[in-house]
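S.K.: Okay, sequence plus prediction incoming.
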Amino acid sequence: MTAAAWELVRNWLGTIGTISALLIAAFTYRRNIKIKREEQARLVYSKITHVEYHEVGALVDVLPNGARIGNRLFHVAMVPHPYPDEGKRIAWQATAPLLQATAVIHNGSKELIGPARIQLVNRGRKNTWDDFSIDVGVIDPESEYVVNFIWINEDHPGEPSLGTTVIFRDASGEWWRRHLAEPIEHVHNDPENSGPTPKERVSIREQQVGMGYEPIKEPKVRWRVRWYRYWRKRRGKAPLP
């Protein structure tokens, strides 16, 4: 090869090296940004801490184990009943086999998160109960928010395998979901991320109409949200986060 040819090869190799270095730098920068963005979300998870099974006639404490809030009780088979030794205190008595689960949303970060919505998962059937959920406004830094679920045991006398899924907004306004013990998933800002689920809204409207109130309206969905939902579906995911 001539000197000119060798010079061309050296220039070509130098160009490849420069481009490779730029690509590596860009990849590293993007990876660091992703890690930084996920930093708070990685410290948030939910889990079940206690499960009870109630037979017909059992007295049920609707906020046990330090729970601060419970799921909506539209279709739970319970009736008010006074405690035997405390006439002024009212409990709830099961009129059907019930399941009760205490769960926590753990915020291990040093910043607030919220709003957040936690739901229960039937591990055996691989589905999430969407006819009841619990919404939490704000969860303090480095704390746990305890909630309580009560629902009719469709598997009676069996016992379903339970888990949780939580969707939440971090301090920077980004939305995330952690399903069971899976890695966190970044999701888009959707009006369905918080508040009642579609099935819950049906129950709420039925109750409001029965009481003579104006029923709640469906959330407005912007074109950008519709676009995100479309691409989630194309990727084989549920359109709603």
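M.R.: Cool, the structure landed.

S.K.: Name the nearest residue to the spatially most central residue of the chain, sequence neighbours excluded.
M.R.: Computing the C-alpha centroid of the chain and ranking residues by CA atoms, centre = their mean puts Val166 first, at 2.0 Å. Among residues not flanking Val166 along the chain, Ser46 sits closest, at 4.0 Å (CB to CB, 6 or more residues apart in numbering). For glycine as for every other residue, the C-beta is placed from the backbone atoms N, C-alpha and C.

S.K.: I'd like the distance between the residue nearest to the centre of the chain and Trp92.
M.R.: Distance, Val166 to Trp92, using CB to CB, to the nearest Å: 26 Å.

S.K.: any idea which helix or strand carries Pro183?
M.R.: According to DSSP states H and E, Pro183 maps onto no helix or strand at all.

S.K.: quick revisit: run through the bridge partners of the residue nearest to the centre of the chain.
M.R.: Ile118, Arg178 (DSSP bridges).

S.K.: how much space between Ala96 and Lys217?
M.R.: Distance, Ala96 to Lys217, by CB to CB: 32 Å.

S.K.: between those two, which one's more packed in?
M.R.: Each of Ala96 and Lys217 has its neighbours counted (other CB atoms under 10 Å); Ala96 has more, 13 against 8.

S.K.: I'd say the more buried one and Gly57 touch.
M.R.: No: using CB atoms under 8 Å as the test, Ala96 is too far from Gly57 to be in contact (10.2 Å).

S.K.: Around Lys47, how many other residues sit close by?
M.R.: Burial of Lys47 is recorded as 15 neighbouring residues (other CB under 10 Å).

S.K.: Looks to me like the residue nearest to Val166 is in a helix.
M.R.: No: according to DSSP: H, G, I helix; E, B strand; the rest coil, Ser46 belongs to no helix; its state is strand.

S.K.: What residues does it make contact with?
M.R.: Ala103, Val104, Ile105, His106, Ile118, Thr164, Thr165, Val166, Arg178 (CB atoms under 8 Å, 6 or more residues apart in numbering).

S.K.: give me that answer again for 7 Å
M.R.: By CB atoms under 7 Å, 6 or more residues apart in numbering, Ser46 lies in contact with Ala103, Val104, Ile105, His106, Ile118, Thr164, Val166, Arg178.
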